[in-house]
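Engineer: this one's sequence-less:
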């Protein structure tokens, strides 16, 4: 028995493949055309591009580093980016933070960056967070991310994110830029933590006080983006456990490999907020006298008669503006035998 012609000669309907990342869906032809230059790379291919589209990353900071890093991450096809920055755009940002123009002055950085980046790639899920990165909020964001980028260029934020990433088993890509250069490194995972390499930093090492050439921030931010993409793809050799230092005034790049560096096991001093301080704590205010805001019950220095043996389990908290001076003091006191130490940085306090 012959089948009707309509049945015999009809072609089976083939559903074109659609690439999904969260709520986002891209038809195969759009996906392959948009990312064709990357797909052609033998180390990436179609499967690697799918990895990028499935990836979820957290970026803390939309300043100099964030503005340099984010466009490349968005263009690469990463499926979800959560961007955190509570600051507003100011005139002196425009010389180095290239996502913003005079028309956006006064606007929140995370929201403004989202608008610009969403136009660049409307197919990704871009989430803007305008609140501060506290222990509670950052812990929640990190749980939802595959990888965390530190673009805040602030020591207290770096320590906080590093601690949380290490606890969550997430890789931490941290960068810093000032003057004519900077560095970027990949920490945690199977490599040492950020704190193991940078136990303390000097007060004032940031672009706000030292100055920065905008292009230098661009170099570091672009390198941070490439390291992130490489880690998502699992490329070999891996940048994990390496620190890349760009010395733009000398025109050279140095690579420091710390993957197998011997780590001195010491008790970490966590970054805490003012609301976590209790009546039993000893709070040492390291800021100049008469600094605002005034912190009640804060001491100017540790009592001279309080030896490590007499600490009696009381927590000692060092407070400063950025966290840099506090980390230095905590490290010095730790080496003298004090334990149960903590840091508090006022520039992370949302309600001051």
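Structural biologist: Received, thanks. Note that the structure is predicted; figures quoted are calculated from it, not measured.

Engineer: ok, how many other residues are close to residue 155?
Structural biologist: Using other C-beta atoms under 10 Å, residue 155 has 28 neighbouring residues. C-betas here are computed from N, CA, C, even on glycine.

Engineer: So for it, what's the pLDDT?
Structural biologist: pLDDT for residue 155: 87.

Engineer: same thing with residue 16?
Structural biologist: Per the predicted model, pLDDT is 44 at residue 16.

Engineer: before we move on, what about the one 10 residues further on?
Structural biologist: If you check residue 26, the pLDDT there is 70.

Engineer: For this protein, just list every one of the strands.
Structural biologist: When assigned using DSSP state E, the strands of the chain occupy the ranges 18-21, 24-27, 56-60, 80-84, 125-129, 147-150, 171-178, 181-187, 242-247, 252-257, 282-285, 316-320, 341-345.

Engineer: Of all these, which one comes closest to residue 103?
Structural biologist: Nearest of the strands of the chain to residue 103, taken as C-beta to C-beta: strand 125-129 at 17.8 Å.

Engineer: want to throw the strands of the chain into a markdown table with mean neighbour count and distance to residue 108?
Structural biologist: Converted to a markdown table, the strands of the chain look like this (neighbours: other C-beta atoms under 10 Å; distance: least, C-beta to C-beta, whole Å):
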| stretch | mean neighbour count | distance to residue 108 |
| --- | --- | --- |
| strand 18-21 | 16 | 25 |
| strand 24-27 | 14 | 24 |
| strand 56-60 | 25 | 15 |
| strand 80-84 | 23 | 11 |
| strand 125-129 | 18 | 8 |
| strand 147-150 | 27 | 19 |
| strand 171-178 | 26 | 22 |
| strand 181-187 | 26 | 25 |
| strand 242-247 | 18 | 30 |
| strand 252-257 | 11 | 34 |
| strand 282-285 | 20 | 30 |
| strand 316-320 | 24 | 26 |
| strand 341-345 | 24 | 21 |
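
Engineer: Now render the ones you listed as CSV, adding distance to residue 308.
Structural biologist: Listed next are these as CSV, based on distance: least, C-beta to C-beta, whole Å:
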stretch, distance to residue 308
strand 18-21, 52
strand 24-27, 55
strand 56-60, 35
strand 80-84, 37
strand 125-129, 40
strand 147-150, 32
strand 171-178, 31
strand 181-187, 30
strand 242-247, 33
strand 252-257, 33
strand 282-285, 13
strand 316-320, 10
strand 341-345, 11
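
Engineer: lowest-confidence stretch among those strands?
Structural biologist: The minimum mean pLDDT among those belongs to strand 18-21 (a mean of 60).

Engineer: quick one, what contacts the closest residue to residue 328 other than its chain neighbours?
Structural biologist: Distances taken as C-beta to C-beta, 6 or more residues apart in numbering put residue 200 closest to residue 328, at 4.5 Å, once the chain neighbours are dropped. Counting by C-beta atoms under 8 Å, 6 or more residues apart in numbering, residue 200 makes contact with 324, 327, 328, 330, 331.

Engineer: Mark which of the residues you listed are buried, thanks.
Structural biologist: With burial judged by 16 or more other C-beta atoms under 10 Å, the buried subset of the contacts of residue 200 is 324, 327, 328, 330, 331.

Engineer: Out of these, flag the one nearest to residue 290.
Structural biologist: residue 324 (20.5 Å).

Engineer: where in this structure is pLDDT low?
Structural biologist: Applying pLDDT under 70 to the chain flags the ranges 1-25, 201-209, 264-267, 351-352.

Engineer: Between the contacts of residue 200, which sits nearest residue 346?
Structural biologist: Of all the contacts of residue 200, residue 346 sits closest to residue 324, with 12.1 Å by C-beta to C-beta.

Engineer: all helices of the chain, in order?
Structural biologist: Applying DSSP state H to the chain gives helices spanning 5-8, 28-34, 36-39, 45-54, 64-76, 109-120, 135-143, 155-168, 194-197, 207-210, 214-233, 324-335.

Engineer: just those helices: most buried one?
Structural biologist: Most buried of the helices of the chain by mean neighbour count (mean count of other C-beta atoms under 10 Å) is helix 64-76; its value is a mean of 25.

Engineer: relative orientation of that one and strand 171-178 in degrees?
Structural biologist: Helix 64-76 runs at 130 degrees relative to strand 171-178, counting by axes from the mean of the first three to the mean of the last three C-alpha atoms, to 10 degrees.

Engineer: Bridge partners for the closest residue to residue 333 other than its chain neighbours, pull those for me.
Structural biologist: In space, and not counting its chain neighbours, residue 333 is closest to residue 341: 6.2 Å by C-beta to C-beta, 6+ apart. Judged by DSSP bridges, the bridge partners of residue 341 are residue 316.

Engineer: hang on, residue 341 packs against residue 328?
Structural biologist: No - judged on C-beta atoms under 8 Å, residue 341 makes no contact with residue 328 at a distance of 11.9 Å.
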